[in-house]
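Trainee: sequence first, then the predicted structure, then my questions.
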Amino acid sequence: MRNTSRTARRAAEIRMIATEVAAHSGQAYIGQALGTADILACVFEIGLTRPGDRFVLSPGHYGLALYAANAHLYDRDELLTYGMDGSEFEQSPLEGLPGVEITGGSLGQGLSQAAGMAIGQRMKGIPGTIFCLLSDGEIQEGQVWEAMMTIGHHRLSNLCVIVDRNGIQVDGHTTEVLDLEPLADKFRAFGFDTVEVDGHDLTKLEAAVEAALSGAAGRATAIICDTVIGKGVPAFEAHPYPHYINAERAVWDEALRHLHAVAPEA
């Protein structure tokens, strides 16, 4: 059931937890966590309500976002060791931690695994939707297109692909490294019911997630989300190298003050 105010609070919480965790080491893939907070809030609030609903994080370096979304499952002191030597909370999460379905460190593999889960649950008659988050840069991997062909062939209506289209990858802008466009048309060509949305518009995101849950299209869904890397923290939105941010403690403290100031009231 849709509750946009609750989703907004969840998104704000994800941003604050991710930033608090990143502040302890002073460096992190914080831009991706902030940029996908609205997406994860929608999926976790209204998309994961049945035992068969599952979330697959394909780009492992987005792990901080997943940890923040699942923070209630973890010991907070342990979570604050993110990215440090010996920590369970590696920057690319490993399968086995609560809430972590796959080891997604090597880009491009998550969608294949999500397709396998969707096929398996269909064969077993398990109701539920498999949500798989892809980064736009990883779509340049050939394995993604093999998975898309498989998903289209099997008309996996119990699978929803969500693309974080922030336009940035480690080597620069995706348009310069290896252009993906027209991305929506490509998903449609592979048989996906495809919608493009503002990845920070909670109303539109919730509607897209609800449509995916219904399976009414009779085929897999793709939600292509236009996002701003570092969303919610002006200094990170404007950062010249936002793929991986290393900053002084004062920068992190200011980010936390800003996030608390703009957070919606409970």
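Mentor: Thanks, I have the structure now.
Trainee: show me where the stretch 101-250 of the chain has strands.
Mentor: 130-135, 159-165, 168-169, 172-173, 193-198, 221-226, 245-246 (DSSP state E, counting those that start in this stretch).
Trainee: adding distance to D77, write the ones you listed out as a markdown table.
Mentor: For the C-beta atoms, the positions are set from N, CA and C on the backbone; glycine is no exception. Shown next, in a markdown table, are these (distance: least, C-beta to C-beta, whole Å):
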| stretch | distance to D77 |
| --- | --- |
| strand 130-135 | 27 |
| strand 159-165 | 29 |
| strand 168-169 | 32 |
| strand 172-173 | 37 |
| strand 193-198 | 36 |
| strand 221-226 | 33 |
| strand 245-246 | 23 |
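Trainee: tell me which of the ones you listed sits nearest to A23.
Mentor: A23 lies closest to strand 245-246 among these, at 11.0 Å (C-beta to C-beta).
Trainee: now render the strands of the stretch 101-250 of the chain as a markdown table, adding distance to L259, mean neighbour count and mean pLDDT.
Mentor: Shown next, in a markdown table, are the strands of the stretch 101-250 of the chain (distance: least, C-beta to C-beta, whole Å; neighbours: other C-beta atoms under 10 Å; pLDDT from 0 to 100):
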| stretch | distance to L259 | mean neighbour count | mean pLDDT |
| --- | --- | --- | --- |
| strand 130-135 | 22 | 27 | 98 |
| strand 159-165 | 20 | 27 | 98 |
| strand 168-169 | 21 | 21 | 96 |
| strand 172-173 | 26 | 12 | 95 |
| strand 193-198 | 20 | 18 | 98 |
| strand 221-226 | 20 | 24 | 98 |
| strand 245-246 | 15 | 17 | 96 |
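Trainee: wait, which of the ones you listed is closest to G83?
Mentor: Taking the strands of the stretch 101-250 of the chain one by one with C-beta to C-beta, strand 245-246 is closest: 11.3 Å.
Trainee: now what about the closest one, what contacts it?
Mentor: For strand 245-246, the external contacting residues (C-beta atoms under 8 Å, 6 or more residues apart in numbering) are 22, 26-31, 230, 236, 239.
Trainee: farthest pair in those?
Mentor: Among the contacts of strand 245-246, G26 and G230 lie farthest apart (C-beta to C-beta), at 15.8 Å.
Trainee: of the two, who's got more company?
Mentor: G230 (23 against 14; other C-beta atoms under 10 Å).
Trainee: what's the distance between the residue nearest to the more buried one when sequence neighbours are not counted and G96?
Mentor: Leaving aside its chain neighbours, G230 sits nearest to F236 (3.2 Å; criterion: C-beta to C-beta, 6 or more residues apart in numbering). Separation of F236 from G96 (C-beta to C-beta, to the nearest Å): 30 Å.
Trainee: what's the distance between the spatially closest residue to A69 that is not a sequence neighbour and W252?
Mentor: Residue nearest to A69 in three dimensions, not counting chain neighbours: L40, with 4.6 Å by C-beta to C-beta, 6+ apart. According to C-beta to C-beta, L40 and W252 sit 21 Å apart.
Trainee: G218 now?
Mentor: On the measure of C-beta to C-beta, G218 and W252 end up 47 Å apart.
Trainee: more neighbours: these two, which one.
Mentor: W252 (24 against 8).
Trainee: hang on, isn't that one packed against A22?
Mentor: Yes - with contact defined as C-beta atoms under 8 Å, W252 counts as touching A22 (6.7 Å).
Trainee: tell me which residues touch the residue positioned nearest the centre of the chain, please.
Mentor: Residue closest to the average C-alpha location in the chain (C-alpha atoms, centre = their mean): L133, at 4.7 Å. L133 makes contacts with 36, 39-40, 43, 55-59, 62, 110, 162-164, as judged by C-beta under 8 Å, 6+ apart.
Trainee: got JSON lines for the residues you listed, with distance to E265 and secondary structure too?
Mentor: Shown next, in JSON lines, are the contacts of L133 (distance: C-beta to C-beta, whole Å; DSSP: H, G, I helix; E, B strand; the rest coil):
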{"residue": "T36", "distance to E265": "23", "secondary structure": "coil"}
{"residue": "I39", "distance to E265": "22", "secondary structure": "helix"}
{"residue": "L40", "distance to E265": "21", "secondary structure": "helix"}
{"residue": "V43", "distance to E265": "23", "secondary structure": "helix"}
{"residue": "F55", "distance to E265": "27", "secondary structure": "strand"}
{"residue": "V56", "distance to E265": "33", "secondary structure": "strand"}
{"residue": "L57", "distance to E265": "30", "secondary structure": "strand"}
{"residue": "S58", "distance to E265": "34", "secondary structure": "coil"}
{"residue": "P59", "distance to E265": "32", "secondary structure": "coil"}
{"residue": "Y62", "distance to E265": "28", "secondary structure": "helix"}
{"residue": "G110", "distance to E265": "36", "secondary structure": "helix"}
{"residue": "I162", "distance to E265": "28", "secondary structure": "strand"}
{"residue": "V163", "distance to E265": "32", "secondary structure": "strand"}
{"residue": "D164", "distance to E265": "28", "secondary structure": "strand"}
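Trainee: sounds good, over and out.
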